[in-house]
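Trainee: Have a look; sequence and predicted model below, questions after that.
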Amino acid sequence: MKVLKFGGTSVKSAEMMKQVGEIVKNARAEGQVAVVVSAMSGITDQLINVSTLASQGNDTYQQTLKEIEKKHLQCIQELLPPQHQTRTVATIKMTLNELEDVLQGLFLLKEISPKSRDFVMSFGERMSSAIITEYFKTIGLDALLADGRELIVTDDNFGNAVVDFEETDKRIRKYFSRTDKLIVMGGFIGATVNNETTTLGRGGSDYTGSIIAAALQAKMLEIWTDVDGMMTADPRKVRRTMVLKQLSYIEALELSHFGAKVLYPPSVQPVLAKNIPLKIKNTFNPAAEGTLVARESVDNGSPIKGISSIDTVALISLNGSGMVGVSGFAKRLFSALASGRINVILITQASSEHSITVAINASDAAKAKTLIESEFVQELKSNALEPVVVEQDLSILAIVGENMRNTPNVSGKLFSSLGRNGVNVRAIAQGSSENNISFVTQNADSRKALNIVHEAFFLSDTRVLNIFLVGVGTVGGTLLRQMREQQEYFLQEYNLELRVTGIANSRKMWFDENGIHLPDWKNVLDNNGEAMSLGGFAGKMHEMNLRNSILVDCTASEDVVDLYEESLQRGISIVTPNKVACSGRYDLYKRLKQTATQRGAKFLFETNVGAGLPVIKTLNDLTQSGDKILKIEAILSGTLNFLFNEHKAGVSFSSVVKKAKELGYSEPDPRIDMNGLDVARKILILSREAGAKKEAKDVVSENFLPEECQKATSIEDFFTVLPKYDDYFETIRSDVEKAGNRQRYVAVYENGNLSTGLRVVGPDSPFYQVEGNDNLVLFWTERYKVRPLIVKGAGAGAEVTAAGIFADIIRIANF
Ligand SMILES: NC(=O)C1=CN([C@@H]2O[C@H](COP(=O)(O)OP(=O)(O)OC[C@H]3O[C@@H](n4cnc5c(N)ncnc54)[C@H](OP(=O)(O)O)[C@@H]3O)[C@@H](O)[C@H]2O)C=CC1
Ligand SMILES: N[C@@H](CC=O)C(=O)O
């Protein structure tokens, strides 16, 4: 004997009932079958609605009643051949007349009891089972309709009736022993010994199937629904979920308790007790393998089987020194909650015994608080207890799996992945069975947390980086092109998905949680983008709340820097070539680094010095390995070096400056290169990274830009003024060249002193042969005392800078 239970979506229409007919026919061909059906999808809610409206004296219930009738009659018309329709239509009409009478009674009395509500709710299953039984007969199945109320005996706890298994099993066995026919019955409903209709709780049709299967010692219970099986997580909230092939009863129970709606939790118990396998199958896709629930858990390559969540949770905490060492507090707390029939979902108590926290349904919070306050009225008055604390807008997430038992580092992996992404955990519970670790987070973090944990346990070989890029100019635009070219490579070779989820320039911003199609970013931003505001950008990025988020700042703006601290606080990493933050006030630089460390986020700015060259990394490697920096001497401006190398006889200085801008070497405003500010910022950053507590004012900096150029009102204006000084620069250049020397702009950090300035260097200087837009950095250290450690190469340009930013982004993936 096999018991097949079909849910509401499986019988929602004539078309679906035909599909059910096919499935049942195939099963029947292999042996004895019993079928349990739910009400047609949506009908139970409509029945609750009509009963509420009627009991409120609102006659619009009649309208909904008509809709219920229409849906069933239409189904009959589409499903049954004409000669079978009359009898079934008559049955349904009679049933609906009975319902109408009951509703009329509720309307007149203006009241409803749990008992009459159960009676009204029973009509959904009664009608769907009657229709499908008739249909089965038309396709050659020897179907016989059974009424659940004659077989399932319960107490009178209406709405959630408790089954009398002894009597129920007896009746089921007797009923089935009298016939070989295909028994069809509506699930969800039962009756008391006095024949009062009861219901078994929402989702109770699964339970009916399980009760029948257990009573008949069936070889299998199949739950046919609208998904391919139990998933590793809710697919509406998590992408790339997987169907679980096999679960143990315990795992299925744990997952369904914590919100996986595929299975109604009580339905596991009867089949578990009889060791009857349960299979979850998809009526819409019968070929899919489904999920088998059996005694044994299988190894699926992960210590956990799934993650589930409940999003309507409140925490209630009882704190106070009066609890310490005093027995009976917990008992009184739980008795108070039980007296209000309040279900406790999670419990935590600190070993100091100073506090107990329970998680309950949010809708019970006010009632729970009142009950607790009245139970502990004396202790609260005497301050032995602090006022009861209620926290709302919370979610519980649970990871579930029998293989967690005795597997070290499951909780380590769970909480470190959450911590790295800035998800705060409010409460934790793990049973000693180690089947489940539950934790409480803010509602706003629930979806993100699900994705983080899912990725950590099921997609450990695949990671997603969600990138929010502000600044899509010379460097940012090149970065987008490089990422587009490498996206496929990272996915294939490293299972790393680079998803650009937000972009902005100073005018427009655009977001796409699924990743912006990079070949089109410009069009999309220009044509679809909304007006840019930094508050709006940050707000949207925080609202999206995606795991592994990175804010990439490719502007030269001070305002964008204002976004860093809150982003890091929220666990969003920062990658930037913008030097403003690290060369601004020392306390901001320090705070950003500390916040990143505290929040498990990264703050990476390798391209602040030397563009794509590994200057900061080299310095960090030296200091972290215990070396001591004695001196840093460096050419740090690619633009200035380019100017000194390309300015030749017959080539005007101003034309070379223009070229440096066109080639993307200079700052958006080239005066920042030429007045020495860019180099001053870089040497300041290196000194800070070497451990010095320095401010911008500590850098003695030489500006060789004529005052009129400096004072130009705009960049355009600057380029108009600059040619006036071509002769001035040419005189300096030719004098230096005549003497066999070259000009260089050199920064030095030594003995705590910082300076930058022009130098005339001869062929014996290491700076003489630094070509094009190259940088050269000499690190003199305790270990590199005789000859310095040298970093050399292109120190400016969009390609190398974007590559350095890209490398920082990838470093985050590799942490
Ligand atoms: N070029 C190089 O070799 C190197 C550059 N860097 C640094 O890279 C950064 C970017 O330089 P680069 O690409 O040349 O500059 P660009 O001027 O070409 O691009 C700047 C981008 O930032 C946008 N932007 C400016 N202000 C804001 C704002 N407040 N909000 C949103 N977007 C803004 C601009 O938008 P819009 O177009 O609308 O104005 C533009 O998209 C600079 O900090 C520079 O110091 C670092 C190392 C090397
Ligand atoms: N403008 C800078 C670019 C990198 O910071 C330079 O020329 O070095």
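Mentor: Good, I have the coordinates. Ligands and ions are numbered 1, 2, ... in the order given.
Trainee: Pull up the residues of the chain that are close to ligand 1.
Mentor: Taking Cβ under 6 Å from any ligand atom, the part of the chain that reaches ligand 1 is made up of 470-476, 504-507, 532, 554-557, 559-560, 577-579, 607, 611, 664-665, 667-668, 796-798, 801. C-betas here are computed from N, CA, C, even on glycine.
Trainee: Pull out the CA atoms of stretch 808-815 and give them to me as PDB.
Mentor: Only the C-alpha atoms of stretch 808-815 are listed here, as PDB (Å, rounded to 0.1, in the frame of the first residue of the first chain):
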ATOM      1  CA  ASP A 808      42.400  44.300  -4.300                       C
ATOM      2  CA  ILE A 809      38.800  43.100  -5.200                       C
ATOM      3  CA  ILE A 810      40.100  39.600  -5.800                       C
ATOM      4  CA  ARG A 811      42.100  39.700  -2.500                       C
ATOM      5  CA  ILE A 812      38.800  40.200  -0.700                       C
ATOM      6  CA  ALA A 813      37.400  37.000  -2.400                       C
ATOM      7  CA  ASN A 814      40.500  35.100  -1.300                       C
ATOM      8  CA  PHE A 815      40.300  36.100   2.400                       C
END
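Trainee: Filter the residues of the chain next to ligand 1 down to the buried ones.
Mentor: Neighbour counting over those (16 or more other Cβ atoms under 10 Å) leaves 470-472, 474-476, 504-505, 532, 554-557, 560, 577-579, 607, 611, 664-665, 667, 796-798, 801 as the buried ones.
Trainee: residues touching the closest residue to ligand 1 within the chain, list them.
Mentor: Closest residue of the chain to ligand 1, Cβ to the nearest ligand atom: residue 473 (2.0 Å). The neighbours of residue 473, taking Cβ atoms under 8 Å, 6 or more residues apart in numbering as the test, are 505, 554, 555, 668.
Trainee: mind checking how far the closest residue to the last one other than its chain neighbours is from residue 526?
Mentor: It refers to residue 668. With sequence-adjacent residues excluded and distances taken as Cβ to Cβ, 6 or more residues apart in numbering, residue 668 is closest to residue 556, at 5.1 Å. Look at residue 556 and residue 526: by Cβ to Cβ, to the nearest Å, they are 22 Å apart.
Trainee: before we move on, what about residue 234?
Mentor: Counting by Cβ to Cβ, the gap between residue 234 and residue 526 amounts to 36 Å.
Trainee: So which helix or strand of this protein has the lowest pLDDT on average?
Mentor: When each helix and strand of the chain is scored by mean pLDDT, DSSP states H and E, helix 249-257 comes last, with a mean of 85.
Trainee: So which elements touch that one?
Mentor: Other helices and strands packing on helix 249-257, by 3 or more Cβ pairs under 8 Å, 6 or more residues apart in numbering; DSSP states H and E, are helix 268-274, strand 291-294, strand 306-319, strand 389-400.
Trainee: helix/strand/coil for the closest residue to ligand 2 within the chain?
Mentor: In the chain, no residue comes nearer to ligand 2 than residue 639, which is 3.2 Å away by Cβ to the nearest ligand atom. Applying DSSP: H, G, I helix; E, B strand; the rest coil to residue 639 yields a three-state assignment of helix.
Trainee: picking up where we left off before, CA atoms of the least confident helix or strand of the chain as CSV?
Mentor: As requested, the backbone C-alpha atoms of helix 249-257 are provided in CSV (Å, rounded to 0.1, in the frame of the first residue of the first chain):
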residue,chain,number,x,y,z
TYR,A,249,13.1,12.2,9.7
ILE,A,250,14.9,14.3,12.3
GLU,A,251,16.4,16.6,9.7
ALA,A,252,13.0,16.9,7.9
LEU,A,253,11.3,17.8,11.2
GLU,A,254,13.9,20.4,12.1
LEU,A,255,13.8,22.0,8.7
SER,A,256,10.0,22.1,8.6
HIS,A,257,9.8,23.5,12.1
